[in-house]
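>>> Got a sequence here, can you build the structure:
(2 chains)
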Amino acid sequence: MKIFVYKVLISAFVIFLLYQLTIGYTISKFQQKISKIANKENLEMVKDKIRNEMKAGLEKDKILKDEDAILLREFLKKINSELNNIK
Amino acid sequence: MNVSRKNLIIILTFSIYFLVGIFIYKDFGIGIEEHFQRQNGFYWLKEILSFTNFENLKELTNQKYQNILLNNPDLPKASFFNFYGILFDLPVAFIEIIFNLESSKIYFEIRHVLNFIVFFISSIFFYKILFERFNFTLTFFGLLIYILTPRIFGDSFHNNKDVFFLSLFTIALYYCFQVLKKDSYKNIIIFCIFAAFATSSRIIGIFFPFSILIFYFFEFLAKRKEYKKIIIKSFSILFFFSLFLFLHFPYTWTLNFTNFLNWLDPFFFHMGINILFNGEYFYMKYLPMSYLPTWIFITTPFFYLFLFITGTFFLLIRLFKRIISIKEISVTNDLWRGINEKKDIYVVIFFLVFFFYAVFFNVAMVSGWRFFYFLHVLMVYISVFSLHIFYIRYFKNKKFFFNMLIILPIIFTSYQIFYFHPYQSLYFNLLINSSNVKNFQVDTPSLSRADALKNILFLEKSKKTIYVGNASWTPFSNGKDLLKIADQKKFQFVGQEYDKADYIYTNFIYEVNTEYNKKYRISNNFVEIEKLIINEIPIYSLYKRIN
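Below is the predicted model:
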């Protein structure tokens, strides 16, 4: 009986440790990531990045490749015609 | 070594330590929680006096309490966080009233000296713990490690919460060991008093009575004690502990049956702030598992770390050997042989319990590992155990060499304590240097604020009004409480309205990532005029307006 109790105690401890070091660790990492994405500084960072990309784009002679420009033009045309045709 | 010589060494050590403390207690800045704790003291004094007829005292206390609220509008309200402070803050508030202390400098200094005295008393208890377990030389070294750990040394003056709890934890541990040795009712009652005191200072002290019950369970398994006796003693411990806790802990008076089940919840409240750790900002509730181990690793002197790690290793090996040799019927206890081993097992088991609890259960921590400073006593015990093993195995016939090997690193650590003075609380070991210190927050207790104000005063002797801004998350304006009243009046604090400031102070503690949040950005019309750096660790900077 005594040996059984010790075995149960030790097994429970080992399972707990394994759980924490595998699943628990993954959950903890996930929680950290979620909390980072949701925080205000991160949103500021994303806004800053978009601003920087836009600024960098303005300094270039050409922002789009020719084929992308054509694709975008046709897409905007299509959207525009759909907007105009709506009753 | 004869007894009188040993006594002389110990008396001399304690006397020198006490005198050093008394000599230097005025040098320390105000800890970040001290204003709140002072408010807390008056809150409780007001509550207690409301049951009495001392009208004059009531009036004075209420006046002081209202003044604190008026002068510190940003402080959390003691009426909301009303669970701690009955043992330290309340008596200090009483002293302030009785002696009519009007100078803020003096009442903060009194807090510092009293906190030091409590820690000093705990060091005597720790000496007794070690002396009952190890030989004199090891006990002496253990005592030196206990009092000469830089962060604990510094915090023993201004950290009236965590080091105060460490002190009570140490005293309760001493009486806990007395119960483990002999569970007489006298020992149980004294133990329960100190366990209750520890619990009302930090809720984690509640583990003490249950730790004894766990050891009763092990003894029951080994059939070393009758179950009837175990049941009676267990109930006695729970009864006396609850009684003493109830008698002196006002929080328990407010509980009713509906909130009894979640009565622990308020103790796990946390501020929703971000903390810089290892170069990244983390939400306080979701710190990485490595937070506590890393902080212990970078703020403990190498020599102590080495002893602690080897000590844990030796103890776990022995525990493992005991476990694999457990037999269904035996004449001894399963996990230990004798009282000394029982104490060793107790220390290592509960150190690991607390450690895993902090690592795995998303415990909200801030300011490094100060919430877990109570582990210091367990860590030093384990370190002394390591010394004990090294001594027995390798140095039994080389006592002088062994003593030199131990005393030299302790002397080096003492020198570092001297070198960091009065910022021992911000100590880092050699793993942290100018290149990686920016990855961690340093002056989290905001100790440098009073020094910064003193420096500004020195630079602006003739100016009648000085406008100062604060480019840090930690409070700055109440650092003036360590100045003379005339000097306090010279300062106007403008927070983050830097356009109004003559000077800007920063201790580099931010609750936001300053790379993206411009809240604390100091503009180009300010120039850095002073930066305090100790051992490559930047403590604070002062900026002055140039146009």
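
>>> Return the residues of chain A in contact with chain B.
A:1-3, A:5-6, A:10, A:17, A:20, A:24-25, A:28, A:31-32, A:35-36, A:39-42, A:44-45, A:48 (Cβ under 8 Å from any Cβ of the partner chain). In this view, the C-beta of every residue, glycine as well, is placed from N, C-alpha and C.

>>> for the stretch 401-547 of chain B, what spans make up the helices?
With DSSP state H, counting those that start in this stretch as the criterion, the stretch 401-547 of chain B has helices at B:449-459, B:485-488.

>>> related to what we said a few turns ago, mind checking which of the residues of chain A next to chain B are in strands?
When those are checked against strands (DSSP state E), there are no matches.

>>> Got a PyMOL select line for the buried ones in those?
To isolate the buried subset of those in PyMOL, counting by 16 or more other Cβ atoms under 10 Å in any protein chain shown, use the following:
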select buried, chain A and resi 2+6+20+24+28+32+35+36+39+41+44+45
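
>>> Neighbours of residue B:320, how many?
10 (other Cβ atoms under 10 Å in any protein chain shown).

>>> What distance do you get for it to chain A?
Going from residue B:320 to chain A by Cβ to the nearest Cβ, to the nearest Å gives 10 Å.

>>> which element is that residue on?
helix B:302-324 (DSSP states H and E).

>>> List the buried residues for that helix?
So helix B:302-324, judged by 16+ other Cβ under 10 Å, has buried residues B:303-305, B:307-308, B:310-312, B:314-315, B:318-319, B:322.

>>> Dump the residues you listed into TSV; add distance to residue B:92 and pLDDT as well.
Formatted as TSV, these follow (distance: Cβ to Cβ, whole Å; pLDDT from 0 to 100):
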residue	distance to residue B:92	pLDDT
B:303	35	96
B:304	31	97
B:305	35	97
B:307	35	97
B:308	33	97
B:310	40	97
B:311	36	97
B:312	37	97
B:314	42	97
B:315	39	97
B:318	44	96
B:319	42	95
B:322	46	93
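
>>> Domain-wise, how is chain B divided?
B:3-24+B:113-255+B:288-420, B:31-102, B:441-545 (automatic domain parsing).

>>> Redo these as JSON lines? Include distance to residue B:279.
What follows is these, written out as JSON lines (distance: least, Cβ to Cβ, whole Å):
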{"stretch": "domain B:3-24+B:113-255+B:288-420", "distance to residue B:279": "12"}
{"stretch": "domain B:31-102", "distance to residue B:279": "23"}
{"stretch": "domain B:441-545", "distance to residue B:279": "11"}
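
>>> where among these is the average confidence lowest?
Least confidently modelled of these is domain B:31-102, at a mean of 90 by mean pLDDT.

>>> Would you pull up how far that one lies from the middle of the chain?
Put simply, domain B:31-102 sits 22 Å off its chain's centre (Cα atoms, centre = their mean, to the nearest Å).

>>> contacting residues for residue B:424?
Counting by Cβ atoms under 8 Å, 6 or more residues apart in numbering or on different chains, residue B:424 touches B:150-151, B:153-155, B:417.

>>> Could you rerun that using 10 Å?
By Cβ atoms under 10 Å, 6 or more residues apart in numbering or on different chains, residue B:424 lies in contact with B:28, B:148-157, B:416-418, B:447, B:534.

>>> Buried among those residues? Need that as a selection in PyMOL.
Listed next is the PyMOL selection for buried residues among the contacts of residue B:424, using 16+ other Cβ under 10 Å:
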select buried, chain B and resi 28+148+149+150+151+152+153+154+155+156+157+416+417+447+534
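
>>> burial count for residue B:278?
By other Cβ under 10 Å, 13 other residues sit near residue B:278.

>>> Could you report the distance from it to residue B:536?
Using Cβ to Cβ, to the nearest Å, residue B:278 is found at 18 Å from residue B:536.

>>> Please apply the same query to residue A:77.
Taking Cβ to Cβ, one finds residue A:77 at 63 Å from residue B:536.

>>> The two: which is more packed in?
Set residue A:77 next to residue B:536 and count neighbours by other Cβ under 10 Å: residue B:536 wins out with 13 against 10.

>>> quick one: the more buried one and residue B:437 touch, right?
Yes: contact status for residue B:536 versus residue B:437: in contact at 6.6 Å, counting by Cβ atoms under 10 Å.
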